[in-house]
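Participant: Pasting the sequence and the predicted model now:
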Amino acid sequence: MKIAVTAASGKLGTAIVKQLIKDIGKDNVVGVARTPAKAKHLGVEVRSGDYNSREQFDIALKGIDTVLIISGMDVPEKRIAQHRNIIEAAKTNGVKKIVYTSIVGEEAKTAFSPVVKSNRQTEQDTQNSGLDWVIGRNGLYIEPDFEYLEHYIKAGEIANCAGNGQCAYTSRSELAVAYSHLLQEEQHNGRVYHLVGEPITQTQLTEYINQVFGTNLSYRPMTTKEYLQERKTALGDFMGTIIGGIYNGIQQGTFNPESQFDQATGRPHLSALAMAQAFKKAQEALV
């Protein structure tokens, strides 16, 4: 079986490629990246694949049995056509199965909803492809909070508009385990999985960060309007709106579906505390 992973040079793509190498060997894994040199370190065959180029994917997917489409990072109105380039190339090349990394969330409630809506359209396109398919709806990554730790320490707090809303976080390494199963195992075909962990509040997240990283942070809730403006000022209108919408979604409970991770993998999802500990251990191993 030849499995191709798109966006292989990104953080999620890299994690999934590494997991697949462990599970099925590097000779059975092909990375696809817009800039192949950025994925060379993975130690697998890497092919060119820009989401905007159907022609590149017609070449990249030759001889591939199963392809993982990692959702693109472009603005929502462009993502649908980009993903269709890969789906159509898969059909042309005789690919047997598509696995798509979607996201949990609501299509109409927050400023993040246009991203969710575009993902739902690609889910439909995948399901209508005529190929075997599996869809994973990813929870929010927990790693960005750990990667942002220096900024939190400088501020002495974590501040956003999530309030007491619960978020069922996941991690890229947990998702890599799940997608390795979904790519290989036929019993998942035709199913949609919520790939999330346990639901926690921002106060609980702050406590876990303090426990694992030895910090003394507190959590401060903000209004949605206040936080959205603060993020736009810091990150620009597009990304600021996206981040503001995510935390507004947490406040509304849109990132807290029932987890189906155990059905996808055969084991429970790691707890938020365990993910924090695993992240710290991985960072220490790099030093």
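Facilitator: Thanks, I have it.
Participant: How many residues are close by the residue nearest to residue 223 when sequence neighbours are not counted?
Facilitator: Counting by C-beta to C-beta, 6 or more residues apart in numbering, residue 223 lies nearest to residue 161, which is 6.2 Å off, once chain neighbours are set aside. Any C-beta I mention is one placed from the backbone N, CA and C, and that applies to glycine too. Residues within reach of residue 161, counting by other C-beta atoms under 10 Å, total 24.
Participant: Show me the strands in the protein, by range?
Facilitator: Counting by DSSP state E, one finds strands in the chain at the ranges 3-5, 29-33, 45-48, 66-70, 97-103, 132-138, 157-160, 167-168, 191-195, 199-200, 218-221.
Participant: Run through the neighbouring helices and strands of the second one.
Facilitator: The reference is to strand 29-33. Here strand 29-33 touches strand 3-5, helix 11-24, strand 45-48, helix 54-60, going by 3 or more C-beta pairs under 8 Å, 6 or more residues apart in numbering; DSSP states H and E.
Participant: among those, which is the most enclosed?
Facilitator: strand 3-5 (a mean of 28; mean count of other C-beta atoms under 10 Å).
Participant: Which strands and helices lie in contact with it?
Facilitator: Strand 3-5 packs on helix 11-24, strand 29-33, strand 66-70, going by 3+ C-beta pairs under 8 Å, 6+ apart.
Participant: what sits up against that strand?
Facilitator: Residues from elsewhere that reach strand 3-5 (C-beta atoms under 8 Å, 6 or more residues apart in numbering): 13, 16-17, 20, 24, 28-32, 47, 60-61, 64-68, 70, 183-184.
Participant: And it, how far out from the chain middle?
Facilitator: Centre-to-centre, strand 3-5 and its host chain are 16 Å apart (C-alpha atoms, centre = their mean, to the nearest Å).
Participant: How about the contacts made by residue 114?
Facilitator: By C-beta under 8 Å, 6+ apart, residue 114 lies in contact with 76-77.
Participant: Residue 124 is in contact with residue 84, correct?
Facilitator: No - contact criterion C-beta atoms under 8 Å: residue 84 and residue 124 do not qualify, at 10.9 Å.
Participant: higher neighbour count, the two?
Facilitator: When residue 84 and residue 124 are compared for neighbours, residue 84 comes out ahead with 17 against 11, by other C-beta under 10 Å.
Participant: Mind pulling up the pLDDT for the more buried one?
Facilitator: If you check residue 84, the pLDDT there is 97.
Participant: now do the one 3 residues further on
Facilitator: The per-residue pLDDT reported for residue 87 equals 98.
Participant: neighbours of it, just the number please.
Facilitator: Neighbour tally, residue 87, other C-beta under 10 Å: 24.
Participant: where does the stretch 1-150 of the chain dip in pLDDT?
Facilitator: Filtered on pLDDT under 70, the stretch 1-150 of the chain yields no residues whatsoever.
Participant: what about 90?
Facilitator: Within the stretch 1-150 of the chain, the stretches with pLDDT under 90 are 73-77, 106-113.
Participant: Chain neighbours aside, what residue packs nearest to the residue of the chain positioned farthest from its centre?
Facilitator: Each residue of the chain has a distance to the centre, and by C-alpha atoms, centre = their mean the biggest one is for residue 216: 28.9 Å. Closest residue in space to residue 216, ignoring its immediate chain neighbours: residue 210 at 6.3 Å, by C-beta to C-beta, 6+ apart.
Participant: can I assume that neighbour is in contact with residue 217?
Facilitator: Yes - Residue 210 is within contact range of residue 217, at 5.8 Å (criterion: C-beta under 8 Å).
Participant: Looking at the two, which is more packed in?
Facilitator: Using other C-beta under 10 Å, the more surrounded residue of residue 210 and residue 217 is residue 217, with 19 against 13.
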